[in-house]
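**Q** mind looking at a prediction? Sequence and model below.
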Amino acid sequence: MEHYGRIVARPLIADLKSELSGNFKNVIIGLMFPTNHYCAKQLHKAMKGIVRIKEDVLVEILCSRSYEEIEKIAAAYQSLYGTTLIEDVRKGTSGTFRQLLIMTLQKMTDQSNGYGDWAYDPVKAKDQAKILYKAGERKIETDVNVCNRPAYFAERLKIAISGWGTDNDTLIRIILSRCEIDLTNIMYEYKRMYGKSLFDAVKEDTSGYYRRSLLTLLGIEPLVRLSSSFCSSCTVSCGITP
């Protein structure tokens, strides 16, 4: 992005925003940022909502990552907005839900529990489950959230794609934020849980260059299908068209 700015004397993101539109723009702009900065921006957006705090976004990002990942997201958040993530969580949430998030964020510096890098540990899983339940997040399956993160994200994607209209914000956020972490595992769990590939589900539910951009990020699916023979025409045979 800096190289582009030196050549044309304009910020790349500003030009992309002016030239693109809709969900395709959201995908491309999101890809311009490192994952930690992207997640920090999504957290800020969720807490600064005009109508209400998007609690599901906070759970999705903060309760599915390692200590190290959360630390990096928190550092990016402070760099972007000049305030700490934990301070904004305290201000923007309340009750048992705030208790859960503060518990998660405070554990970033607590390496004494003996359960490795992950923000959840088996001892506190039941207490965290009760907090989630009281907070109204009944659709989040505790066992999935604690023990099988790919299945949790597969469920979130299924909910985003199903129904009267696609929840494009969730679809984009999960694919972009997990594509460098465990997207392949999520795709596997989606197929196992719902009997249909995530690639096909996204292909059927989206269109245009927006669809093409998401299918490119999900591009491992065509490779799996053609594992016996990779050829230069795979994008044609898989139907990735704008």
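**A** Yep, it's here. Numbers count the residues shown, from 1 in each chain.

**Q** only C-alpha atoms from now on, for both contacts and neighbour counts.
**A** OK.

**Q** for this structure, give me the ranges with low pLDDT.
**A** The chain contains residues with pLDDT under 70 at 1-10, 49-51, 107-147, 220-242.

**Q** where is the longest helix in it?
**A** In the chain, with assignment by DSSP state H, the single longest helix is helix 67-81.

**Q** helices or strands up against it?
**A** If you count contacts as 3 or more Cα pairs under 8 Å, 6 or more residues apart in numbering; DSSP states H and E, helix 67-81 packs onto helix 35-47, helix 85-92.

**Q** recalculate using a threshold of 6 Å.
**A** Applying 3 or more Cα pairs under 6 Å, 6 or more residues apart in numbering; DSSP states H and E, one finds that helix 67-81 makes contact with helix 35-47.

**Q** residues contacting the helix it packs on, please?
**A** Helix 35-47 has contacts (Cα atoms under 6 Å, 6 or more residues apart in numbering) with I53, K54, I73, A76, Y77, S177.

**Q** what's the closest non-adjacent residue to the third one?
**A** This points to I73. With sequence-adjacent residues excluded and distances taken as Cα to Cα, 6 or more residues apart in numbering, I73 is closest to N36, at 4.7 Å.

**Q** which of the contacts of helix 35-47 count as buried?
**A** Buried by 16 or more other Cα atoms under 10 Å: I53, I73, A76, Y77, S177, out of the contacts of helix 35-47.

**Q** quick one: contacts for the fourth one?
**A** Going by Cα under 6 Å, 6+ apart, Y77 touches A40.

**Q** measure it to T83 for me?
**A** Y77 is 7 Å from T83, where distance means Cα to Cα, to the nearest Å.

**Q** next one: the last one
**A** Here S177 is placed at a distance of 22 Å from T83 (Cα to Cα).

**Q** in the longest helix of the chain, which residues are buried?
**A** Quick answer for helix 67-81 (16+ other Cα under 10 Å): Y67, E69, I70, E71, K72, I73, A74, A75, A76, Y77.

**Q** cool, and stretch 39-55?
**A** Of the residues in stretch 39-55, C39, A40, K41, Q42, L43, H44, A46, M47, I53, E55 count as buried by neighbour count, 16+ other Cα under 10 Å.

**Q** distance across it, terminal residue to terminal residue?
**A** End-to-end distance for stretch 39-55, by Cα to Cα: 14 Å.

**Q** hmm, back to that, closest to K196 among the buried residues of helix 67-81?
**A** Of all those, E69 has the smallest distance to K196: 30.3 Å, by Cα to Cα.

**Q** how much space separates S213 from R156?
**A** 20 Å.

**Q** what does G95 give?
**A** From G95 to R156 the distance is 24 Å (Cα to Cα).

**Q** can you check G165 too?
**A** From G165 to R156 the distance is 14 Å (Cα to Cα).

**Q** also E60?
**A** 9 Å.

**Q** between G165 and R156, which is the more surrounded one?
**A** Per other Cα atoms under 10 Å, whichever of G165 and R156 has more neighbours is R156, with 19 against 9.

**Q** over to the more buried one: give its phi and psi.
**A** As for R156, its main-chain torsions (degrees, to the nearest 10) stand at phi -60, psi -40.
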